[in-house]
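J.: quick one, fold the following:
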Amino acid sequence: MMRNETGYLLFEVVLAVAILSLGLVVLLRCFSTPLRAVRVSENYLRAALLAEEKMEELQTRYEGFSQSEAGVFPSDAQGFAWKSETFPTQNASCDGSKTIEIRLTVFFAKEEDKRSICLTSLAIEE
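T.: Below you'll find the predicted structure:
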């Protein structure tokens with residue numbers, strides 16, 4: 001007796017599903033890498049803006065002596081912290097006033113990815 005076999009074997013179906021799943025995983029990985037890069041660049045931009053704002057604050061309230069400070073940013077910048085170091089430089093300006101160096105580092109950690117950005121500025125001690 002001859003049978004007309006027009007269906008698929010279970011093995012063929014499982015193999016097709018496995019190949020499609022593998023292709024889908026590769027496709028999703030291709031999309032997730034650029035999204036992660038966008039998140040990292042957003043964090044760097046936010047850290048740079050916070051660092052610039054903090055540097056302006058530090059320059060306006062410099063008290064004329066070597067100091068080191070640290071802190072965290074307000075709740076709208078959760079996960080961002082800062083550390084500043086202020087010390088006199090070896091060089092004097094043309095009019096005889098001393099210059100100081102202000103070094104500010106902003107740290108940020110999103111998920112388990114810890115990064116930082118550092119700004120250095122010179123100011124004239126009055």
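J.: neighbours of residue 23, how many?
T.: If you count neighbours by other C-beta atoms under 10 Å, residue 23 ends up with 10. (Each C-beta comes from the backbone N, C-alpha and C, glycine too.)
J.: please identify the helix or strand for it.
T.: Residue 23 is part of helix 10-60, with elements assigned from DSSP states H and E.
J.: what is the mean pLDDT for that helix?
T.: Mean pLDDT, computed over helix 10-60, is 88.
J.: and for stretch 99-106?
T.: The average pLDDT for stretch 99-106 rounds to 89.
J.: can you dump the C-alpha atoms of it in CSV for me?
T.: Once non-C-alpha atoms are left out, stretch 99-106 reads as follows in CSV (Å, rounded to 0.1, in the frame of the first residue of the first chain):
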residue,chain,number,x,y,z
THR,A,99,47.1,81.0,39.7
ILE,A,100,45.2,78.0,41.1
GLU,A,101,44.2,74.7,39.5
ILE,A,102,40.8,73.3,40.0
ARG,A,103,40.4,69.6,39.1
LEU,A,104,36.9,68.2,39.0
THR,A,105,35.9,64.6,38.4
VAL,A,106,32.3,63.5,37.9
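J.: now it: buried residues?
T.: With burial defined by 16 or more other C-beta atoms under 10 Å, the residues of stretch 99-106 counted as buried are 100, 102-106.
J.: thinking again about what came up before, how far does the helix holding residue 23 sit from the chain's center?
T.: Centroid displacement of helix 10-60 relative to its chain, using C-alpha atoms, centre = their mean, to the nearest Å, is 13 Å.
J.: in strands, which of the buried residues of stretch 99-106 fall?
T.: Here DSSP state E is the test, and these give 100, 102-106 as lying in strands.
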